[in-house]
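Participant: Starting from these lines, generate the structure:
(one chain, ligands or ions: 1)
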Amino acid sequence: MDDTDLFLLNFKGFHFERTLIDVDVLENLDDFEIRDDDVFIITYPKSGTIWTQQILSLIYYEGHRNKTENVETLDRAPFLEYNIRKVDFSMMPSPRILTSHIPYYLAPRGLKNKKAKIVYTYRNPKDILISYYHFSNLLVRLQASDNLEQFMKQFLDGKVVGSLWFDHIRGWYEHKHDFNILFMKYEDMKKDLRSSVVKLCSFLDKELSEEDLDTVVRQATFQNMKYDPQANYDTILKDEVGTRNDGCFLRKGTVGDWKRHLTVEQNERFDRIFQRKMKDFPLEFTWDINEQ
Ligand code: A3P
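Facilitator: This next block holds a predicted model:
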């Protein structure tokens, strides 16, 4: 057993965070009852999960948009497998928004029958790597690394929560015909949030007025979310999960931050692995904001 095993739980070949997971939940995932109007947000960690949770809850809940209800985003779109607040999902009113990092092959049977909708948000993996490195050093329940090189090796070996990024995105994309799924690119959301919200509304069959759309966009910006305690996980992380330093969940929220962190050699190594693993993969990635 190495240090990594203290933090990770391997279930059917996929790594979960050990202390927050309930193996019973995993054993019963296949039978998790899916409602037709459920919406699942599925991501690899650090790809824009909380952002998508915020946007979807703003789209669905008027009380969230106009701030008449004081509910945290995590409670509006709770995690399926990391059920920190022990929500009884069967008691949640419809439509439910649920969040998960699971790989395609662990998805509940009902999802595979295209019963509910899935939004899969993805991001360029170099920015995920940097975001994840900082996040792992922030959370006491994740393995900290002394330096980026150490974390990069773990990330590229899949020895992190969520396992290998390459497998996660490939798995979901290559099985997309089994699901009712929309792929959203983090960098597109960053470039034109309004268009992304419109695209989401259209997939979710939600009609919002122009004014409501503006409200969603305004409240889903990085600046707004960073300073809105309901929309970021700062209290949850500090009070319920545990942090090692005073870093924030919403760290930078930019495209291309990897350029400030990776050495030339690390970047070339990453590229070589990326090209090998993602050969012929149809989704395009945006590495730099100037590309857009
Ligand atoms: P950084 O660490 O690069 O800042 P997840 O929710 O999947 O863990 O992803 C977290 C990443 O999404 C963090 O990236 C966070 O800052 C970024 N993020 C969250 N909300 C955002 C927003 N409104 N706009 C842009 N990025 C956002």
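Participant: who in the stretch 151-292 of the chain is up against the ligand?
Facilitator: Lys190, Ala220, Thr221, Phe222, Met225, Leu250, Arg251, Lys252, Gly253, Asp257 (Cβ under 6 Å from any ligand atom). No exception for glycine: its C-beta is placed from N, CA and C like everyone else's.
Participant: dump the residue contacts of the spatially closest residue to the fourth one that is not a sequence neighbour.
Facilitator: Closest residue to Phe222 apart from its sequence neighbours, by Cβ to Cβ, 6 or more residues apart in numbering: Gly253 at 3.8 Å. Shown here is Gly253, whose contacts under the criterion Cβ atoms under 8 Å, 6 or more residues apart in numbering are Lys190, Phe222, Lys226.
Participant: Check Glu174 too.
Facilitator: Residues counted as contacts of Glu174 (Cβ under 8 Å, 6+ apart): none.
Participant: What's the per-residue pLDDT of the spatially most central residue of the chain here?
Facilitator: By Cα atoms, centre = their mean, the chain has its centre lying nearest to Thr49, at 2.9 Å. Looking at Thr49, its pLDDT is 98.
Participant: quick revisit: got the confidence number for the residue nearest to Phe222?
Facilitator: In this prediction Gly253 is given a pLDDT of 97.
Participant: Over to Phe151?
Facilitator: At Phe151, pLDDT is 98.
Participant: coming back round to it: any idea which of the residues of the stretch 151-292 of the chain next to the ligand is closest to Val198?
Facilitator: Among these, Ala220 lies closest to Val198 (Cβ to Cβ), at 12.6 Å.
Participant: my guess is that closest one contacts Ser196, does it?
Facilitator: No: at 9.1 Å, Ala220 does not count as touching Ser196 under the criterion of Cβ atoms under 8 Å.
Participant: Tell me where the model's unsure across the stretch 1-150 of the chain.
Facilitator: Filtered on pLDDT under 70, the stretch 1-150 of the chain yields the residue ranges 1.
Participant: host element of whatever residue of the stretch 151-292 of the chain ends up closest to the ligand?
Facilitator: The ligand sits closest to Gly253 of the stretch 151-292 of the chain, with a gap of 3.0 Å, by Cβ to the nearest ligand atom. Per DSSP states H and E, Gly253 falls between elements, in no helix or strand.
Participant: what about it, distance to Asn267?
Facilitator: With distances taken as Cβ to Cβ, to the nearest Å, Gly253 is found 21 Å from Asn267.
Participant: re earlier: what is the neighbour count of the nearest residue to the residue nearest to the centre of the chain once chain neighbours are set aside?
Facilitator: Excluding the flanking residues, the one nearest Thr49 by Cβ to Cβ, 6+ apart is Thr43, at 4.5 Å. Neighbour count for Thr43, taken as other Cβ atoms under 10 Å: 27.
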